[in-house]
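Q: Structure for the following, please:
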Amino acid sequence: MPHDDTFTRLRDPEKPGQISPAANAELEQSLLGSILFANRVYEQFADILRPHHFSVAVHGRIYEATARLIDRGEQANPITLKLLFDQDGALQDIGGSEYLARLAANAVTLINGQFYARQIIELANRRVVAEAGQVLVEDALRNDLDRSVSDMLEDFDRHTVEIDGGHESNAPKPIGSGIDAALASVERIYKHGSSLGIQSRLVDLDRKLGGLQPSDLIVVGGRPSMGKTAAVMGIAYAAARDGHSVLIFSLEMPEEQLMARLLGAGAGVSAQDQRRGPISRDQRQLLIEEGERLRPLPLWIDDTGNATVALIRRRSLRHKRQRGLGLILIDYLQLVRGYGENRVQEVSSVSRDLKALAKELDVPVVAAAQLSRALEIRPDKRPLLSDLRDSGTIEQDADVIIFLFREEYYLERQQPSRQPSESDDAFSEKYDRWTKQLARVHGIAELIIAKNRQGETGIVKVQFDAARTRFRDLAKWEPQ
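A: Take a look at the predicted model:
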């Protein structure tokens, strides 16, 4: 672990009057060695650490080659990197492939690799400031009356802009650019006749939300069996049918099971029939035909378990470059690995980073979320914002929060039983009252819009076909 004097500015003994660059080659070696020893460490800082942050140039090239292999889903180690560096003279000067082997052999397990990566970035930023400051000092001492102090400071700012991300898009913008963007959106809606947000094809929900808007984080929360996966897959299907490129990160369910659900929802064949059988010839044909309808849709599934936001970000960026990207779906939020000293901090980091991802890629990010068991003990089991599990910051970070609630699910589990002292008439009356209540809510789900940063909240009632795991408008409901 680096000492506190890592960041001290020391005079370079070989160059009087010069300041030695802020650097820590041992820290860089430790970080590279930990990646080569266990590639999963890379996920902790892949979204913030870049090759140019390394003070030793060859370390930056090792990091870049390592990241390229890991991003392709390949193993990065001294053996797989050997061919890449056999002709690298700088690496040969410090020991060639044996140097890579030593890095891995001397690796120290990094519990919080992001902390070490941030120290390397801090040192890199200090080098940028030191270099720009050196130029500023030389300019100020030079007897050049044609260069004003404002010119010198402007050059200093230009040299250090990369510390803020190196992108002019991060700089403040004049009010006019924002007005032009807002009016362009109004013009598109005026010509189209309605919002251009991605439609869920649930009419009342789309009317309230105006569709799913770019840069929004939309959280779909519910307890088990409420239909979270069915809801996000329904949104994915609707978006893909409208031509939007959809990328789904399924952290809980493998691709095959997810596709079986989507096939069943479209073909009208229950998941239970698909799992257990028997399947009739007609059902088989319906599933085959639905598969052919789904096949050309711009919909991709990544079922990598235990994913981090960094991994989701990298694969989303690559997907956007290669195929375009209109919508990201995550099932579900609490399964994404974050960082922090406890579970609350970890989930908070995930929700915060997913919102940042939506803003960076300018696409809606829809994340299913598990709710706390606490609501199960309340008489009214409709979810509240406080029921969002493991983190209060989900409520802050999300632009839209939709809760799924099915009263039918809870009523089914309250089937009355006959008490020993109860008369036939009393039990019959109680049982009839229960069946009427059950009939009233049969097949009906509530989509509770608990938060909508840009619009109205409220409850949208839809039909939920539990056997076929699909949501539909009530007007389209045909009882089975």
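Q: So what touches stretch 46-56?
A: Applying C-beta atoms under 8 Å, 6 or more residues apart in numbering, the contact partners of stretch 46-56 are 21-25, 28, 60-61, 63-64, 67, 70, 114, 117-118, 120-121, 123-124, 127, 309-311, 313-314, 353. Yep, even glycine has a C-beta here, placed from its N, CA and C like the rest.
Q: Could you give the separation of that stretch from the chain centroid?
A: Here the centre of stretch 46-56 is set off from its chain's centre by 22 Å, with C-alpha atoms, centre = their mean, to the nearest Å.
Q: What of stretch 106-126?
A: 23 Å.
Q: list the contacts for the residue nearest the centre of the chain?
A: Note on the chain: the residue nearest the mean C-alpha position is residue 354, at 4.2 Å, using C-alpha atoms, centre = their mean. Residue 354 is in contact with 217, 309, 312, 330, 333, 336, 365, 367, 397, counting by C-beta under 8 Å, 6+ apart.
Q: any idea how far the residue of the chain positioned farthest from its centre is from residue 435?
A: Among residues of the chain, the one most distant from the C-alpha centroid is residue 423; the distance is 57.3 Å, by C-alpha atoms, centre = their mean. Using C-beta to C-beta, to the nearest Å, one obtains 18 Å as the distance from residue 423 to residue 435.
Q: try residue 309
A: As for residue 309, its distance to residue 435 is 47 Å (criterion: C-beta to C-beta).
Q: Look at these two and report which has more neighbours.
A: Applying other C-beta atoms under 10 Å to residue 309 and residue 435 shows that residue 309 carries more neighbours, namely 24 against 12.
Q: Identify each buried residue in stretch 378-386, please.
A: In terms of neighbour count (16 or more other C-beta atoms under 10 Å), stretch 378-386 has its buried residues at residue 383.
Q: what's the average pLDDT for that stretch?
A: For stretch 378-386, the per-residue pLDDT values average out at 87.
Q: can you list contacts of it?
A: When contacts are taken as C-beta under 8 Å, 6+ apart, the neighbours of stretch 378-386 outside the stretch itself are 221-223, 371, 375, 392, 395, 401, 403, 405, 410, 446, 448, 450-451.
Q: So which of those sit within helices?
A: Among the contacts of stretch 378-386, the members falling in helices (DSSP state H) are 395, 410.
Q: Now which of the contacts of stretch 378-386 would you call buried?
A: The neighbour-count test (16+ other C-beta under 10 Å) marks 221-223, 371, 375, 401, 403, 405, 446, 448, 450-451 as buried among these.
Q: mind listing the strands for the stretch 251-400 of the chain?
A: Assigned strands in the stretch 251-400 of the chain, in chain order: 299-302, 327-331, 365-370, 400-405 (criterion: DSSP state E, counting those that start in this stretch).
Q: Flag whichever of these has the least confidence on average.
A: When the strands of the stretch 251-400 of the chain are compared by mean pLDDT, strand 299-302 comes last with a mean of 90.
Q: Buried subset of the contacts of stretch 46-56 as a ChimeraX selection?
A: Buried members of the contacts of stretch 46-56, defined by 16+ other C-beta under 10 Å, are picked up in ChimeraX with:
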select :22,23,24,28,60,61,63,67,70,114,117,120,121,123,124,127,309,310,311,313,314,353
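Q: Return the subset of the contacts of stretch 46-56 lying in helices.
A: If you go by DSSP H, these have 25, 28, 60-61, 63-64, 67, 70, 114, 117-118, 120-121, 123-124, 127, 309-311, 313-314, 353 in helices.
Q: what about residue 134, neighbour count?
A: For residue 134, the number of neighbouring residues by other C-beta under 10 Å comes to 12.
Q: how near is residue 104 to residue 329?
A: Counting by C-beta to C-beta, the separation of residue 104 from residue 329 is 37 Å.
Q: any idea how far residue 279 is from residue 286?
A: Taking C-beta to C-beta as the criterion, residue 279 is separated from residue 286 by 10 Å.
Q: out of those two, which sits in the more crowded spot?
A: Taking residue 279 and residue 286 together and counting by other C-beta under 10 Å, residue 286 has the greater number of neighbours (18 against 14).
Q: Tell me which residues touch the closest residue to the more buried one other than its chain neighbours, please.
A: Excluding the flanking residues, the one nearest residue 286 by C-beta to C-beta, 6 or more residues apart in numbering is residue 267, at 4.0 Å. Contacts for residue 267 (C-beta under 8 Å, 6+ apart) come out as 283, 286-287, 289-290.
Q: PyMOL command for the buried members of these?
A: In PyMOL syntax, the buried subset of the contacts of residue 267 is picked out as below (16+ other C-beta under 10 Å):
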select buried, resi 283+286+287+290
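Q: Quick check: which ranges of the stretch 351-480 of the chain have low pLDDT?
A: For the stretch 351-480 of the chain, applying pLDDT under 70 flags the ranges 390-392, 475-480.
Q: Walking through it, point out its helices one by one.
A: In the stretch 351-480 of the chain, the helices defined using DSSP state H, counting those that start in this stretch lie at 393-397, 407-412, 424-441.
Q: hmm, back to that, if I look at the residue nearest to the centre of the chain, how far off is residue 32?
A: Separation of residue 354 from residue 32 (C-beta to C-beta): 29 Å.
Q: same question, residue 417
A: In this structure, residue 417 and residue 32 are separated by 66 Å, where distance is defined by C-beta to C-beta.
Q: repeat for residue 228
A: With distances taken as C-beta to C-beta, residue 228 is found 40 Å from residue 32.
Q: Also residue 233?
A: According to C-beta to C-beta, residue 233 stands 41 Å off from residue 32.
Q: For the stretch 51-200 of the chain, which segments are assigned as helices?
A: The residue ranges that make up the helices of the stretch 51-200 of the chain, judged by DSSP H, counting those that start in this stretch, are 57-71, 78-85, 89-93, 97-105, 113-141, 149-160, 175-192.
Q: Which one of those helices lies nearest to residue 275?
A: Evaluated with C-beta to C-beta, the helices of the stretch 51-200 of the chain place helix 57-71 nearest to residue 275, the distance being 35.3 Å.
Q: So what touches the closest one?
A: 25, 28-29, 32, 35-36, 39, 42, 46, 49, 51-54, 75-76, 80-81, 84-85, 88, 90-91, 94, 100, 103, 314, 318.
Q: Of those, keep whichever come out buried.
A: With neighbours counted using 16+ other C-beta under 10 Å, these contain these buried positions: 28-29, 32, 35-36, 39, 42, 46, 49, 53-54, 76, 81, 84-85, 88, 91, 100, 103, 314.
Q: So for the closest residue in space to residue 117 that isn't next to it in sequence, what's the pLDDT?
A: For residue 117, the nearest residue in space outside its immediate sequence neighbours is residue 45; the separation is 3.5 Å by C-beta to C-beta, 6+ apart. In the prediction, the pLDDT value recorded for residue 45 is 83.
Q: what number of residues lie near residue 45?
A: Other residues lying near residue 45 total 22 when counted by other C-beta under 10 Å.
Q: And it, how far from residue 274?
A: Where residue 274 is concerned, residue 45 sits at a distance of 42 Å (C-beta to C-beta).
Q: quick one: residue 411 and residue 440 touch, right?
A: No: here residue 411 lies out of contact with residue 440, judged by C-beta atoms under 8 Å, at a distance of 9.1 Å.
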